[in-house]
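Participant: Here is a sequence with its predicted model. Questions after.
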Amino acid sequence: MVPHMTKIKITEPGVYDIPDEVYFGDCSDPKSINASALKVIAKDGLAAYWEQSPLNPNRWERPRSDALEFGRMLHMRLFEPERYKRAYIVAPGDDFRTKEHKAWAKDYEGEAIVKPRDAEMVDKMISAVLAVPQAAGVLTGGVPERSYYDLRKGLNVFVKSKIDYAPTKSGRFIADLKSTSDLWTFEDKALADYRYDIQAAVQIDSLTNVSGVEPRGVMYFAAAKQPPHTVRLLYFDLKNDEDRALIQRARHQYTAALEKFAEACQTGKWTGEKDVVQRLYSGASPWIRQRIERDLEEIGYD
């Protein structure tokens, strides 16, 4: 039985059913960190992480954007459809400024009200995802929206991972849903900028260490917001030597960031250590460098 919690300090490794505000908060003892935060430390250092850390009482609060709320709706619609029906109320019209809407909305104060066009877009995007042949095999026989708390005893910190859809048997893919307004850019940035290899490594390790399930890899369903809501499948397959090497490299990088986090938790020292002066090329990721070198070869530059 997976416990559902709203206010609690997680002290034991395990699988938890917790809302986002708990997961993204200071919710555990010992302290915990997820893949997004590890990427910040790896890329920009401890000081950058501390500025937005839930451990920082004076942190900078990122405003909740429409894009973030749309992504939350999309995930709930696919992975928790019954909860989606209870969580959102579709307004009769798209213009929330009218007298008619304001009069109607008085009966739904405190409720999450969405525009009909947004609800329709969510439905169409989910239909496009489910129409992908691979969806039936990946999006069945698993558990949705669970948080995995993996205690790293040597460091005395949790690595936490909220997995969209986790397999319950080894050899199957973790499923991860993404939405984008530009599929071309999304594919181009998946590794170089978004560092989904680090996210995948954390997901794979957390699922394996906590539940004993060894996934085959991670499959991303990237759905376009624009009609006809094309869906691209991007994945890491641990049966592939190159993908396995990418995940191992990412594991090494996130572990180095995790060690810095664990030390800072002990010392309370959240200072940056990144160089602030460097050539633009020297700071480019390996994938960007490869792209530059390939482009130079095509134009015959020596």
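Facilitator: It's in.
Participant: Spell out the secondary structure type for the residue lying closest to residue 78 once chain neighbours are set aside.
Facilitator: Of all residues not flanking residue 78 in the chain, residue 126 sits nearest, at 5.1 Å (CB to CB, 6 or more residues apart in numbering). For glycine as for every other residue, the C-beta is placed from the backbone atoms N, C-alpha and C. Recorded secondary structure, residue 126: helix (DSSP: H, G, I helix; E, B strand; the rest coil).
Participant: which residues sit in contact with residue 126?
Facilitator: Residue 126 is in contact with 74, 77, 78, counting by CB atoms under 8 Å, 6 or more residues apart in numbering.
Participant: measure it to residue 188 for me?
Facilitator: Separation of residue 126 from residue 188 (CB to CB, to the nearest Å): 25 Å.
Participant: quick one: the helices in the protein?
Facilitator: 20-23, 35-44, 46-51, 66-79, 81-87, 99-105, 116-130, 135-138, 183-192, 196-211, 241-267, 286-298 (DSSP state H).
Participant: Point out the most buried one among those helices.
Facilitator: Counting by mean count of other CB atoms under 10 Å, helix 196-211 has the highest mean neighbour count of the helices of the chain, with a mean of 23.
Participant: helices or strands next to it in the packing?
Facilitator: strand 14-16, helix 35-44, strand 142-152, strand 157-167, strand 173-180, strand 217-224, strand 231-237, helix 241-267 (3 or more CB pairs under 8 Å, 6 or more residues apart in numbering; DSSP states H and E).
Participant: Sheet-wise, list the partners of the third one with their directions.
Facilitator: To tie it back to what came earlier, the one meant is strand 142-152. Partner strands and pairing direction for strand 142-152 (DSSP bridges) are strand 14-16 (antiparallel), strand 157-167 (antiparallel).
Participant: and the angle from it to helix 66-79?
Facilitator: If you take axes from the mean of the first three to the mean of the last three CA atoms, to 10 degrees, strand 142-152 sits at 120 degrees to helix 66-79.
Participant: Let me see the residues that make contact with strand 142-152.
Facilitator: 2, 10, 12-18, 23, 28, 30, 32, 75, 79-80, 157-168, 172, 175, 205-207, 209-211, 258, 262.
Participant: would you put the C-alpha positions of stretch 229-237 in CSV?
Facilitator: Taking C-alpha atoms only, stretch 229-237 is exported to CSV below (Å, rounded to 0.1, in the frame of the first residue of the first chain):
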residue,chain,number,x,y,z
HIS,A,229,-0.5,17.6,-31.9
THR,A,230,2.3,15.5,-33.4
VAL,A,231,3.9,13.2,-30.9
ARG,A,232,7.6,12.2,-30.9
LEU,A,233,9.0,9.3,-29.0
LEU,A,234,12.5,10.0,-27.6
TYR,A,235,14.1,7.3,-25.4
PHE,A,236,17.1,6.0,-23.6
ASP,A,237,17.4,2.2,-24.0
